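Predicted model, plus sequence, below.
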Amino acid sequence: MENYIVSARKYRPDTFNTVVGQPSITATLKNAISSNHLAHAYLFCGPRGVGKTTSARIFAKTINCLNIDSHTEPCNSCESCLSFGENRSYNIHELDAASNNSVDDIRSLVDKVRIPPQLGKYSVYIIDEVHMLSTQAFNAFLKTLEEPPAHAIFILATTEKHKILPTILSRCQIYDFNRISISDIEKHLQEVAQKENIVAEAEALNIIAQKADGAMRDALSIFDQVVSFCGAKVTYKDTIANLNVLDYDYYFKLTDCFQNADISGTLLIFSEILDKGFNAHHFIMGLGQHFRDLLICQDPVTLQLLEVGGEIRERYKKQAAQCTVNFLIGALQLSSECDISYKASSNQRFLVELTIVRIAQLEELLKKKHLTTP
């Protein structure tokens, strides 16, 4: 039986061109390599799962590649690249600062720095979760970081830049990695699905991308989970069932009830949502997001901010045309007030029910206000 490799490892980028969602950073690193303007210390910071350590590894591999191509990408065929790919390279050293954060660990690293590389030009030291180093360890590292040997390059990676000493920050070139956009995650997941011979609905991949919250590693892990549940065909219905996500359809039906001032229908739909085991707080936050999405559909200029695709996007545009801006703003305000008051409420279900009843009455109140305005 063939060993299974999770998608996050199997499809981990191995060239700058395959890094998703960080074009400015990869372009800057490639320009630095091609112009031979390499700093001795870099700090890669940003949220989890956005490519910090992956980019550090690609950078380390590229500067040691014996046959860098015209696009400043590693050849993946020379001895240096092959040894890196097989995890036997003596030029690249990785340290997990979360579990190796003492002064002795750093002193051991400093001793290694003096040894020149056996193959290639540089010894690269990647220190992951560097904010976990103790103050004493940071201080022991300072002098080496400031004046390393010519063959040594340090790449520090962290999710919490604010915890790093200013004396360390001042010695590094700092690269801030962004959360990966939903569209970029969705596109990458589609590519992975095609390589794995999996048929995936666009709406299903969009849900996974939203759930990942900007982290590609999380998106691939969720994708693997959904594939285990769905098999070779990933559908929207199966995805929301597996991830326990509330179907968009509920929000569309609720908004129709709001437009028709159907208080009874509104309360029945909310009761059905609770009966299915969904959290009322998550529901009200999702409702607020739904109104926000309808509001940005009102103007073609802001339509690009809508982060859904396929048939659901068309449903948003259609329902937005049936709602007034004043209704959506009022509904957003009411749902936001409910969200803020939710935790402090002694009867949370009643609070949410009162909110949706008030939203159902909004259209009539707005009409009365319009009629009485001279």
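That came through fine. Residues are numbered from 1 along each chain as shown.

what comes up buried for the host helix or strand of Lys143?
Under the criterion of DSSP states H and E, Lys143 resides in helix 135-146. Residues of helix 135-146 classed as buried by neighbour count (16 or more other Cβ atoms under 10 Å): Ala137, Phe138, Ala140, Phe141, Thr144, Leu145. (Glycine included, C-beta is placed from N, CA and C.)

Count the neighbours of the closest residue to the first one other than its chain neighbours for me.
To tie it back to what came earlier, the one meant is Ala137. Counting by Cβ to Cβ, 6 or more residues apart in numbering, Ile106 is the residue found nearest to Ala137 once chain neighbours are left out, at 4.6 Å. Using other Cβ atoms under 10 Å, Ile106 has 24 other residues around it.

same thing with Asn64?
Look at Asn64: counted by other Cβ under 10 Å, it has 25 neighbours.

residues touching it, list them.
Counting by Cβ atoms under 8 Å, 6 or more residues apart in numbering, Asn64 touches Ser80, Phe84, Ser89, Asn91, Ile92, Pro117, Leu119, Gly120, Lys121, Tyr122, Val124.

Just the ones in strands from the residues you listed, please.
Residues of these located in strands (DSSP state E): Ile92, Val124.

Buried subset of the contacts of Asn64, written for ChimeraX?
Filtering these down to the buried ones (16+ other Cβ under 10 Å) takes a single ChimeraX command:
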select :80,84,89,91,92,117,120,121,122,124
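
now, which of the contacts of Asn64 lie within helices?
Mapping the contacts of Asn64 onto helices (DSSP state H) picks out Ser80, Phe84.

can you give me the end-to-end distance of stretch 14-23?
End-to-end span of stretch 14-23 (Cα to Cα, to the nearest Å): 15 Å.

let's number from 187 now, not from 1
Noted, 187 is the first residue going forward, which turns the last one into stretch 200-209.

who's in contact with it?
The contact list for stretch 200-209 (Cβ under 8 Å, 6+ apart) reads 199, 212, 215-216, 236-237, 240-241, 244, 247-248, 257-260, 262, 271, 363-364, 366-367, 370-371, 374, 402.

In helices only, show me the residues you listed.
Counted as lying in helices by DSSP H, out of the contacts of stretch 200-209, are 212, 215-216, 240-241, 244, 247-248, 271, 370-371, 374, 402.

Does Gly235 touch Ile371 like I think?
No. The pair Gly235 / Ile371 is not scored as a contact, 10.1 Å apart, by Cβ atoms under 8 Å.

Looking at the two, which has the bigger crowd around it?
More crowded of Gly235 and Ile371, by other Cβ under 10 Å: Ile371, with 28 against 23.

Which stretches in the stretch 287-436 of the chain count as strands?
Counting by DSSP state E, counting those that start in this stretch, the segments of the stretch 287-436 of the chain that form strands are 309-314, 338-344, 359-362, 385-386, 419-420.

circling back: need the residues touching each of Gly235 and Ile371.
Taking Cβ under 8 Å, 6+ apart as the criterion, Gly235 and Ile371 both touch Ala398, Gly400, Met402, Ala405.

contacting residues for the first one?
For Ala398, the contact set (Cβ under 8 Å, 6+ apart) comprises Gly235, Ile371, Asp404, Ala405, Ile408.

If you drop the residues flanking it in sequence, what lies closest to it?
Per Cβ to Cβ, 6+ apart, closest to Ala398 is Ala405, 3.6 Å.

Next one: that neighbour from Thr240, what distance?
As defined by Cβ to Cβ, to the nearest Å, Ala405 lies at a distance of 14 Å from Thr240.

neighbour count winner among the two?
Ala405 (29 against 21).

Can you report how many residues lie near the closest residue to Gly474 other than its chain neighbours?
Distance criterion Cβ to Cβ, 6+ apart; nearest residue to Gly474, sequence neighbours excluded, is Ser521 at 4.0 Å. By other Cβ under 10 Å, the residues close to Ser521 number 25.

Which pLDDT value belongs to Ser521?
On the pLDDT scale, Ser521 is placed at 93.

tell me which residues in the helix or strand that contains it are buried?
Using DSSP H and E, Ser521 maps to helix 511-527. Neighbour counts using 16+ other Cβ under 10 Å place Phe513, Leu514, Gly516, Ala517, Leu518, Leu520, Ser521, Ser522, Cys524, Asp525 of helix 511-527 among the buried residues.
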